[in-house]
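# curious how this folds, go ahead:
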Amino acid sequence: MSAWMDGLDDDPLFAPDSGGGTAVLERPVEEEQEQRSNDGEGDRFAHYVSRERIAESRLTGRPVVALCGKVWVPKHDPKNYPVCPECKRIFEEYGAGGGF
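Below you'll find the predicted structure:
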């Protein structure tokens, strides 16, 4: 071993296995949640979203969030689909004061 390497065995950059050890981080187990289709194609309901958010989405292309939690970019006429039962339940439970 050359003289410049003397003492490098204690340096963790040169000898990573000789030091503080290694820890393994484990990913927590997540419960499987109901899968929602956020592309708007698989879900054939009309969802409750404020008119202002719909208008903004049409201008910017940003997704909206319905009362039920569905996130998507509106592309279809909601008059052609039945109302989402979860959106309807939430809307009726909290009243029509939300500007929908």
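
# can you give me the strands in the chain?
Under the criterion DSSP state E, the chain carries strands at the ranges 64-65, 71-72.

# export these to CSV and tack on distance to Ala46, mean pLDDT and mean neighbour count?
C-beta: built from backbone N, CA, C; applies to glycine. Formatted as CSV, the strands of the chain follow (distance: least, CB to CB, whole Å; pLDDT from 0 to 100; neighbours: other CB atoms under 10 Å):
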stretch, distance to Ala46, mean pLDDT, mean neighbour count
strand 64-65, 12, 96, 15
strand 71-72, 12, 94, 16
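
# okay, those strands in JSON lines with distance to Gly95 next?
Written out in JSON lines, the entries for the strands of the chain read as follows (distance: least, CB to CB, whole Å):
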{"stretch": "strand 64-65", "distance to Gly95": "19"}
{"stretch": "strand 71-72", "distance to Gly95": "23"}
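
# nearest to Arg51, out of these?
The stretch from those with the least distance to Arg51 (CB to CB) is strand 64-65; that distance is 10.8 Å.

# okay, now Asp43: neighbour count?
By the criterion of other CB atoms under 10 Å, Asp43 has 17 neighbours.

# per-residue pLDDT of the closest residue to Val73 other than its chain neighbours, please?
For Val73, ignoring the flanking residues on the chain, the nearest one in space by CB to CB, 6 or more residues apart in numbering is Pro63 at 4.9 Å. pLDDT recorded at Pro63 is 96.

# show the contacting residues for Ile54.
Residues near Ile54 by CB atoms under 8 Å, 6 or more residues apart in numbering: 64, 74.

# alright, I will stop here.
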